[in-house]
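1. I would like to see how this sequence folds:
(4 chains)
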Number of protein chains: 2
Amino acid sequence: MSQHRHPDAPGRAGAVPALPDLPEATVARLPEYLRALHQLAEAGHETISSEGLAGAAGVNSAKLRKDLSHLGSYGTRGVGYDVALLVDQIEFVLGLTQRRGVALVGIGNLGHALAGYAGFASRGFRVAALFDADPARVGEEINGLIVRHIDELPRAAAEESIAIGVIATPVAAAQRVADQLVAAGVTSILNFAPCVLSVPEGVDVRKVDLAIELQILSFHEHRKASLTALPATGGSGFTALPGGLAAPGTQEAVGT
Amino acid sequence: MSQHRHPDAPGRAGAVPALPDLPEATVARLPEYLRALHQLAEAGHETISSEGLAGAAGVNSAKLRKDLSHLGSYGTRGVGYDVALLVDQIEFVLGLTQRRGVALVGIGNLGHALAGYAGFASRGFRVAALFDADPARVGEEINGLIVRHIDELPRAAAEESIAIGVIATPVAAAQRVADQLVAAGVTSILNFAPCVLSVPEGVDVRKVDLAIELQILSFHEHRKASLTALPATGGSGFTALPGGLAAPGTQEAVGT
DNA sequence: CGCGATTTGTGCACGTCTTCACAAGCGCCT
DNA sequence: AGGCGCTTGTGAAGACGTGCACAAATCGCG
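-> From the prediction side, this is the model:
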């Protein structure tokens, strides 16, 4: 998945190439661009226009150009972007040139699935260690990794130089685990437990709450229902017809 | 915005009380408030100040007040918000007064975990049907539900009046499944496959990409590393200290 | 070598979101 | 009753994000 096209990626040799501080919104989209680029590369494209890449990533082309312009000028006017070069560039900015180790804590229902999720490995991460507080789960092997007791976290984190932790425990344990992760030197946490974590400054937390996503969808369902219940105020009742085709350009189809 | 719709309990009496169209950012936070409110209710609070609720939800109190003000005026100056009333109000706005049925497609690694995820049931949803295209998986029982073949989706969706679909298939199958869901009348989709879906207008899609969350964290790791490598330019070098206790502010949320 | 077709990079205007700061409202205590 | 402290609700300002529209740059071709 990673060709070495441009080994002369910016800097990396000692001197830090002064990461431009990107807008958060841009950072959040870069991984999506990266995924689209890999897909395009696999399809044989060597260059891609902003329009094409925007389509594959499901965003506006002007927005994409502005996002990429923050990284520097890596396109060629009249031609487009060099796919391989852009892949290298985005991977560098995202810090994916080194394969980062991830510690996963909480090997329950969800943790099990995460431990076996191929998407992590294929997108630059290595699930380096699994932990659980329940002795009954310790020792289990998943995908070639043995589940260890949470108390071994400090040693394991140091040995494997782990900077990212994933919390997939029940809510009741999440804050305690977060504290333990921080104590072990972890500075980034991905939290699947539906609760707010309190962490020291300098530690980043991102939260994924599966139920919240459904609730947001539920709101829109509710709104759609209350709209169709009323006499449509000029809006053409869309009425999701069975067999509906993807007609208007919301998102573009990408190869399946 | 001095609109007094239903001074008493939220709607639920037949007529739909003209949902105010909330800012998207507000909608995305309401579920978090709801979770915090349930937690507070369980802890015995009957009323809560915006400051207190904001703390429990991990947001700024001014933002919270503005968000809630969009729903109407459900607080009492000098006192705070009535917890039970606010719970009812938010649940109504989010369309959670009816327990919505969800169809889950793709019973692989992740799908298995989602099918057994207790958080869905406890937050207003009912996983009503499981589907997979692989005949080998059809017939398996998970949590009291039998995995059915994807071709039975139309009938099942109609019987159970399912409006929300969850896609947990590999990328290669995702678009096809999305088409099938839409054809079956589903108007909201939660997509776990790392790809862009093309759907007709009127169908909402939300995407959860676990690897993207890690990549965003990776970016901040990268940035933190390149900052500590440089002589701090006036900024107070924080240097995430291990063992630090959650002292000062709240959780440092990265991005949206 | 010049021209036209194409596409990037960006200035600008607009809309959305966030945050501050404070008046208005409410309850409690004297 | 009146005053005082507390909290909500909101106007205004600023920060941030988005999208248009176009100049600048590049390629291919005759």
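2. Show the model's pLDDT score for residue A:145.
-> On pLDDT, residue A:145 comes in at 97.
3. Can you tell me what sits against the longest strand anywhere in chain A?
-> Criterion DSSP state E: the longest strand present in chain A is strand A:125-132. Strand A:125-132 has contacts (C-beta atoms under 8 Å, 6 or more residues apart in numbering or on different chains) with A:99-108, A:111, A:114-115, A:120-121, A:138, A:142-143, A:145-150, A:152-153, A:156-157, A:160, A:162, A:164, B:211, B:214, B:218. The C-beta positions use only the backbone N, C-alpha and C, and glycine is treated the same way.
4. now stretch A:166-174
-> Against stretch A:166-174 from outside (C-beta under 8 Å, 6+ apart): A:102-108, A:110-111, A:114, A:133, A:177-178, A:181, A:189-195, A:197, B:214.
5. so which residue of the stretch 1-150 of chain A comes closest to chain B?
-> Using C-beta to the nearest C-beta, the single residue of the stretch 1-150 of chain A nearest to chain B is residue A:95, 2.7 Å away.
6. Next, residue A:117: phi, psi?
-> Residue A:117 has phi and psi values of phi -70, psi 120 when expressed as degrees, to the nearest 10.
7. Number of residues surrounding it?
-> Using other C-beta atoms under 10 Å in any protein chain shown, residue A:117 is surrounded by 22 other residues.
8. repeat for residue A:141
-> By other C-beta under 10 Å, the residues close to residue A:141 number 9.
9. nearest residue to it other than its sequence neighbours?
-> Take residue A:141 and drop its neighbours on the chain: the residue closest to it by C-beta to C-beta, 6 or more residues apart in numbering or on different chains is residue A:147, 7.6 Å away.
10. ok and the helix or strand harbouring that neighbour relative to strand A:125-132, angle-wise?
-> According to DSSP states H and E, residue A:147 maps onto strand A:145-149. Going by axes from the mean of the first three to the mean of the last three C-alpha atoms, to 10 degrees, strand A:145-149 is angled at 40 degrees with respect to strand A:125-132.
11. if we can go back for a sec, filter the contacts of stretch A:166-174 down to the buried ones.
-> Listed as buried from those are A:102-108, A:110-111, A:114, A:133, A:177-178, A:181, A:189-195, A:197, B:214; burial here means 16 or more other C-beta atoms under 10 Å in any protein chain shown.
12. Backbone dihedrals for the spatially most central residue of chain A, both of them.
-> Nearest to the mean C-alpha position of chain A, by C-alpha atoms, centre = their mean, lies residue A:31 at 6.3 Å. Main-chain torsions, residue A:31, degrees, to the nearest 10: phi -60, psi -30.
13. Return the subset of the buried ones among the contacts of stretch A:166-174 lying in helices.
-> A:110, A:111, A:114, A:177, A:178, A:181, B:214 (DSSP state H).
14. Which of those lies at the shortest distance from DNA strand D?
-> residue B:214 (19.8 Å; C-beta to the nearest atom of the strand).
15. Show the contacting residues for the closest one.
-> Residue B:214 sits next to A:100, A:102, A:120, A:123, A:124, A:125, A:164, A:166, A:190 when contact means C-beta under 8 Å, 6+ apart.
16. mind checking how far the last one is from DNA strand C?
-> The reference is to residue A:190. 20 Å (C-beta to the nearest atom of the strand, to the nearest Å).
17. Count the residues that sit near the closest residue to that residue other than its chain neighbours.
-> Nearest in space to residue A:190, with sequence neighbours left out and distances taken as C-beta to C-beta, 6+ apart, is residue A:166 at 4.7 Å. Residues within reach of residue A:166, counting by other C-beta under 10 Å, total 31.
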